[in-house]
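A.B. asks: Quick one: sequence and predicted model below, then my questions.
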Amino acid sequence: MSNVETEPAEVRCGALVDDGGWSAGAGAPRVEVLSAREVPLGGPRAMRVRRTLPQRARTLIGAWCFADHYGPNQVTTSGGMDVGPHPHTGLQTVSWLFSGEIEHRDSLGTRALIRPGEMNLMTGGYGICHSEVSTPRTTIIHGVQLWVALPEEHRNADRDFEHYVPESMRIDGAEIRVFLGSLAGSTSPVRTFTPLVGAEITLEPRAEIALPVDTAFEHGLLVDGEDVRLVDTVLRPAELGYVPCGADVLTVVNESDAPARVILLGGPPFEDEIVMWWNFIGRSHEDIVRAREEWQAATERFGAVDGFAGDRLPAPALPNAIITPRRNPPRR
């Protein structure tokens, strides 16, 4: 998915600041609540998405650097998803649906459908472009779009695309699908360039689950619907709860009388400082300027998408100044 803001901020992100990690014996891990902001997905009749990453309070959770949460939206009123060819550098995109169907096309020649419970992962690396359009069969569209920053040694990796359908498993009143990394005895075979976890968890009404997690990871829990308690903090729909490194178990409780769905994200703190603007991730302002120029000039760096009936997205104007580094908050 593209970041289609007309004036996207340039953000320098770094996770090297000591974040006040939690250690065993120090009591329950602290949960930081991150609220979403609404962003239109382009056009006057556009579907709106709720963005929890990046934001001023926190820019990264592990290598997860971008999280959009959308729906459930009636396509007849929201217009559905219709995002023309647009570029990416220095990242992987992770597409995960709860309902609906999206057609993905990219400059590798890939044409793939994204359906509920199936993950599409695209590696942008040095440069790729793709389009995303909800299919005519879609009446309600609902899901998340996530980005993963690539570390320095892999940020110019070759373009790639993987489709993976994780098996569903049931534990203590919860249904879990692990699409990246490992959780609760399930491991995804999909390659990532840093250690990560990504999973959908649906809890039965009033269910409680204790998830063993890697103490080297920081975690985020994005709530789709119904109130959920993470450790000792209640999270409302569309909120993201952040837990720093050090926790070995995360307790999640469905506080409602209806099923509750969440997305768990995690990874060790990302070591590189990155610059993110529009759909590009680089290491400097100059990286962003170069990528924008090459996209506007339609160079071979990004290739072309075949079969999309429409125009490619032009890049917005660059900001007039370089924004100073924005880091995760210091230890408190």
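C.D. replies: Perfect, thanks for sending it.

A.B. asks: Identify the bridge partners of the residue nearest to residue 191 when sequence neighbours are not counted.
C.D. replies: Nearest residue to residue 191, sequence neighbours excluded (CB to CB, 6 or more residues apart in numbering): residue 162, at 7.4 Å. Quick note: C-beta positions are derived from backbone N, CA and C, even for glycine. When bridges are called by DSSP bridges, residue 162 pairs up with residue 121.

A.B. asks: I figured residue 162 was touching residue 190, is that so?
C.D. replies: Yes - because the distance of 5.4 Å satisfies CB atoms under 8 Å, residue 162 is recorded as touching residue 190.

A.B. asks: who has more neighbours, those two?
C.D. replies: The residue with more neighbours, out of residue 162 and residue 190, is residue 190; 19 against 16, by other CB atoms under 10 Å.

A.B. asks: buried sites along the lengthiest helix in the chain?
C.D. replies: Taking DSSP state H as the criterion, the chain has its longest helix at helix 285-296. Using 16 or more other CB atoms under 10 Å as the test for burial, helix 285-296 gives 285, 287-288, 291-292, 294-295.

A.B. asks: Got phi/psi on residue 247?
C.D. replies: Dihedral pair for residue 247: phi -70, psi 140, per degrees, to the nearest 10.

A.B. asks: number of nearby residues for it?
C.D. replies: Counted with other CB under 10 Å, residue 247 comes out at 27.

A.B. asks: Now it. Nearest residue, chain neighbours left out?
C.D. replies: residue 29 (4.1 Å).

A.B. asks: Looking at the buried residues of helix 285-296, spot the one nearest residue 271.
C.D. replies: Nearest to residue 271 among the buried residues of helix 285-296 is residue 287, at 17.6 Å by CB to CB.

A.B. asks: In this structure residue 175 contacts residue 167, no?
C.D. replies: No - using CB under 8 Å, residue 175 makes no contact with residue 167, being 10.8 Å away.

A.B. asks: For those two, indicate the residue with more neighbours.
C.D. replies: Shown here are residue 175 and residue 167; by other CB under 10 Å, residue 175 has more neighbours (16 against 10).

A.B. asks: Report the beta-bridge partners for that one.
C.D. replies: residue 170, residue 202.

A.B. asks: From residue 169, how far out is it?
C.D. replies: 7 Å (CB to CB, to the nearest Å).
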